[in-house]
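Student: Below: sequence and its predicted model.
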Amino acid sequence: MELHLKQFLNQFVILYKAETPEEIRNTINKLTDEMLKYATDMEFEKAAELRDKIKELEKLLD
């Protein structure tokens with residue numbers, strides 16, 4: 001696992017206290033809603049950051 005991914009995942013667990021697949025899915029859903037709001041508000045850089053985080057979280061569910 002790449003170092004930056006491992007650091008992100010560690011921070012994710014601390015920040016969101018998500019340890020189970022269900023908790024991870026719930027967080028993905030929340031981040032997706034935020035991402036869509038940013039995109040609607042034309043804040044594409046913020047939306048892209050969330051998109052990337054969502055992709056990393058989805059890897060945990062594979």
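Tutor: Here it is on my side, so go on. Numbering: from 1, shown residues only.
Student: Could you look up the SS state of Met42?
Tutor: Secondary structure assignment for Met42 (DSSP: H, G, I helix; E, B strand; the rest coil): coil.
Student: do the same with Thr27
Tutor: helix.
Student: so how many other residues sit close to it?
Tutor: 18 (other C-beta atoms under 10 Å). Heads up, the C-betas are built off the backbone N, CA and C, glycines and all.
Student: Which parts of the protein are strands?
Tutor: Counting by DSSP state E, the chain has no strands to list.
Student: Low-confidence ranges, it, go.
Tutor: 1-6, 9-10, 12-19 (pLDDT under 70).
Student: show me what contacts Met35?
Tutor: Met35 is in contact with Ala47, Leu50, Arg51, Ile54, counting by C-beta atoms under 8 Å, 6 or more residues apart in numbering.
Student: Go again with 10 Å.
Tutor: Residues in contact with Met35 (C-beta atoms under 10 Å, 6 or more residues apart in numbering) are Glu43, Lys46, Ala47, Ala48, Glu49, Leu50, Arg51, Asp52, Lys53, Ile54.
Student: which of these are buried?
Tutor: Using 16 or more other C-beta atoms under 10 Å as the burial test, those include Ala47, Leu50, Arg51, Lys53, Ile54 as buried.
Student: can you give me the helices in the chain?
Tutor: Assigned by DSSP state H, the chain shows helices spanning 3-16, 21-40, 44-61.
Student: and the angle for the longest one with helix 44-61?
Tutor: Spelled out, that is helix 21-40. 160 degrees (axes from the mean of the first three to the mean of the last three C-alpha atoms, to 10 degrees).
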